[in-house]
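Enquirer: Okay, predicted coordinates and the sequence, questions at the end:
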Amino acid sequence: MSTIRVSATAARNRFFELLNQVAMGTQVIIERDAKEVAVMSPKKQKINWVEFRKASEAVRGIWKDYDEKDNPLRRPGAWPTMGKWDKGLKFKK
């Protein structure tokens, strides 16, 4: 994570520009009278592990019924390069 330092006046004048930089992962340290008074940093994303587990259990086994012949992108008349995404994938049967 990169860090930039700005004065309080510059932070006030360029607030939305600094906010965009923070959204992209930059930390902004705001100084007044050569002393650090505030820090703007990106919000850390928290993973909801309960919901993640529910979602992963819901999709478990989703590929077991997959058959390459059922791929609509491999039917006659389909664009030739679109049906190649699953070539060579190994599926349990």
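Expert: Right, received. Where do you want to start?
Enquirer: where along the protein do the helices fall?
Expert: 8-13, 15-23, 49-59 (DSSP state H).
Enquirer: How about residues contacting the last one?
Expert: Going back to what we said before, that points to helix 49-59. With contact meaning C-beta atoms under 8 Å, 6 or more residues apart in numbering, helix 49-59 is reached by no other residue. C-betas here are computed from N, CA, C, even on glycine.
Enquirer: Now find how far off-centre it is within its chain.
Expert: Distance, stretch centre to chain centre, for helix 49-59: 18 Å (C-alpha atoms, centre = their mean, to the nearest Å).
Enquirer: Just the CA coordinates for it, please, in CSV.
Expert: The C-alpha coordinates for helix 49-59 follow below in CSV (Å, rounded to 0.1, in the frame of the first residue of the first chain):
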residue,chain,number,x,y,z
TRP,A,49,-17.4,-17.0,6.7
VAL,A,50,-20.8,-18.3,7.6
GLU,A,51,-22.3,-17.0,4.3
PHE,A,52,-19.3,-18.2,2.4
ARG,A,53,-19.7,-21.7,3.8
LYS,A,54,-23.4,-21.7,3.0
ALA,A,55,-22.7,-20.7,-0.6
SER,A,56,-19.9,-23.2,-1.1
GLU,A,57,-22.2,-26.0,0.3
ALA,A,58,-24.9,-24.9,-2.1
VAL,A,59,-22.7,-25.3,-5.2
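Enquirer: Name the residue most distant from the centre of the chain?
Expert: Using C-alpha atoms, centre = their mean, the residue of the chain lying farthest from its centre is Asp33. It sits 37.6 Å away.
Enquirer: residue contacts, it?
Expert: No contacts exist for Asp33 under C-beta under 8 Å, 6+ apart.
Enquirer: where's it relative to Ser7, distance?
Expert: 9 Å (C-beta to C-beta, to the nearest Å).
Enquirer: if we can go back for a sec, indicate which one of the helices of the chain is closest to Ser41.
Expert: Among these, helix 15-23 comes nearest to Ser41, with 6.7 Å by C-beta to C-beta.
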